[in-house]
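K.L.:
coordinates for the following, if possible.
(chains A and B)
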Amino acid sequence: MKNLPRLFYFAAPSRFYWLASKAVPWLYAIAAAFAVWGLYVGFFVAPTDATQGDSYRIIFIHVPAAWMSMVIYLAMAGWAAFGWAANARLASMMARALAPTGAAFTFLALWTGAFWGKPTWGAWWVWDARLTSELILLFLYLGFMALVEAIDDTRRADHAGALLAIVGAVNVPIIYFSVRWWNTLHQGSSISMTAAPKMAHAMVEAMLLMTVAFWAYAFAVVFRRCSAIVLERERGADWVQALARKEG
Amino acid sequence: MNWNSASDFFAMGGYGLYVWGSYGVTATWMLLEPVLAARRHRAALQAVRETENEGEER
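P.N.:
Below you'll find the model as predicted:
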C-alpha cells in the first residue's frame, strides 16, 4: 500500500482497514472542532427565541440527530442490499457497523424531542405521526441488530438483515413527510431546500455546524466499529495475521 | 452575549432541566460510543493474536 490505490480498491477489507485507520483520528478531530464551534454559536451567538425562550436550543442536537437517524438507516439498508446483491462482504460489514450508531441517533432524537416537547407541548410523548414513525425506526434498528446476531451463519445473517433493512426503508420517507401528510403536533421542516429558513441566521448556522460534527462523528465511530468487524470476520486472512503481529 | 453570569447560563431561562437533560445524555453517549468501538477493535486484534498462537484454529 505504498501509493494511494484507486477508490474502488477500498472494497477489499484489507484496504478499507488501512483507509479507516488513517481517517478515524482526523474525523474525530473534525467532529470535535465543529461541535465546539457549533455549541459556541448555538449558546453564545444565537439569541433567545421570542416564543420558546431558551428551550429551543435543544434544536441544535435534536435536528442533526434526527437527520442522522434517517441518513444512517438509508446507508445501512443500501450497504446491506449491495452486500447481498453483489455478494460484497465489506458492504454487509458496513451495514452491521452502521446499525448501533443509527439506533443511538434515533434514541437521541426521541430523547431530546421528549425534553423539548415537555416544556413546549406540555407532554414528554404524544402519538404524533412523526414521533411514532421515528419510534418504529428505532425498533427497525434494534430488530436488524437482533436478527443478524441471532443467526450463526454469518452470510445468511447478512442476507436476512438485508431483507429486513430493505423492507423497513419504506419507513424513512414516512418519517420525513409525516409532518406534511398528517397535520399533527410536530412542527414542519425547519430547513427547506426551496424556501428561506424560518429561523434567525445564527440559529441555522449552529444547527448546520452541529450537523457537520455529527456526520464526522458518525463516520469515525462507524469506521472504527467496521474495522473491528473486519478483524472479527477475516481472522484467518494472511493480512490480518500480519497486521496483528505488527500492531502487537 | 446572552448570559450575564454562569448561573444565568445554567438556568437557561428556566429551561435548564430540559436543555441540559438533552445535552447531557447526548454528550454522554457520544463520549461513550467511541470508547466502546475502540475497545471492540482492541479486543478483535487480541483475538486475532490468540488465534495466531493456536495455529489455524478456524
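
K.L.:
can you show me the helices along chain B?
P.N.:
With helices called from DSSP state H, chain B shows them at B:6-11, B:16-53.

K.L.:
what about residue A:90, neighbour count?
P.N.:
24 (other Cβ atoms under 10 Å in any protein chain shown). All C-beta spots, glycine's among them, are computed from the backbone N, C-alpha and C.

K.L.:
most packed of the helices of chain B?
P.N.:
Most buried of the helices of chain B, by mean neighbour count (mean count of other Cβ atoms under 10 Å in any protein chain shown): helix B:16-53, with a mean of 17.

K.L.:
ok now that helix, how far from the chain's centre?
P.N.:
Distance, stretch centre to chain centre, for helix B:16-53: 6 Å (Cα atoms, centre = their mean, to the nearest Å).

K.L.:
thinking again about what came up before, quick one: closest of the helices of chain B to chain A.
P.N.:
Closest of the helices of chain B to chain A is helix B:16-53, at 3.7 Å (criterion: Cβ to the nearest Cβ).

K.L.:
tabulate the helices of chain B in JSON lines, adding columns for distance to residue A:230 and mean pLDDT.
P.N.:
JSON lines is the format used below for those (distance: least, Cβ to Cβ, whole Å; pLDDT from 0 to 100):
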{"stretch": "helix B:6-11", "distance to residue A:230": "44", "mean pLDDT": "93"}
{"stretch": "helix B:16-53", "distance to residue A:230": "8", "mean pLDDT": "94"}
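
K.L.:
pretty sure residue A:160 sits against residue A:148.
P.N.:
Yes: applying Cβ atoms under 8 Å, one finds residue A:160 in contact with residue A:148, separated by 7.1 Å.

K.L.:
these two: which has the busier surroundings?
P.N.:
Comparing residue A:160 with residue A:148 by other Cβ under 10 Å, the one with more neighbours is residue A:148, at 23 against 18.

K.L.:
give me the neighbour count for the nearest residue to residue A:45 once chain neighbours are set aside.
P.N.:
Leaving aside its sequence neighbours, residue A:45 sits nearest to residue A:202 (Cβ to Cβ, 6 or more residues apart in numbering or on different chains; 4.6 Å). When neighbours are counted by other Cβ under 10 Å, residue A:202 registers 14.

K.L.:
and residue A:238, by the same measure?
P.N.:
Neighbour tally, residue A:238, other Cβ under 10 Å: 9.

K.L.:
quick check: it vs residue B:48, distance?
P.N.:
As judged by Cβ to Cβ, to the nearest Å, residue A:238 and residue B:48 stand 11 Å apart.

K.L.:
how about residue A:119, what does it touch?
P.N.:
Taking Cβ atoms under 8 Å, 6 or more residues apart in numbering or on different chains, we find residue A:119 in contact with A:52, A:55, B:15, B:18.

K.L.:
dump the residues you listed into TSV; add distance to residue B:8 as well.
P.N.:
Below are those laid out as TSV (distance: Cβ to Cβ, whole Å):
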residue	distance to residue B:8
A:52	18
A:55	15
B:15	12
B:18	16
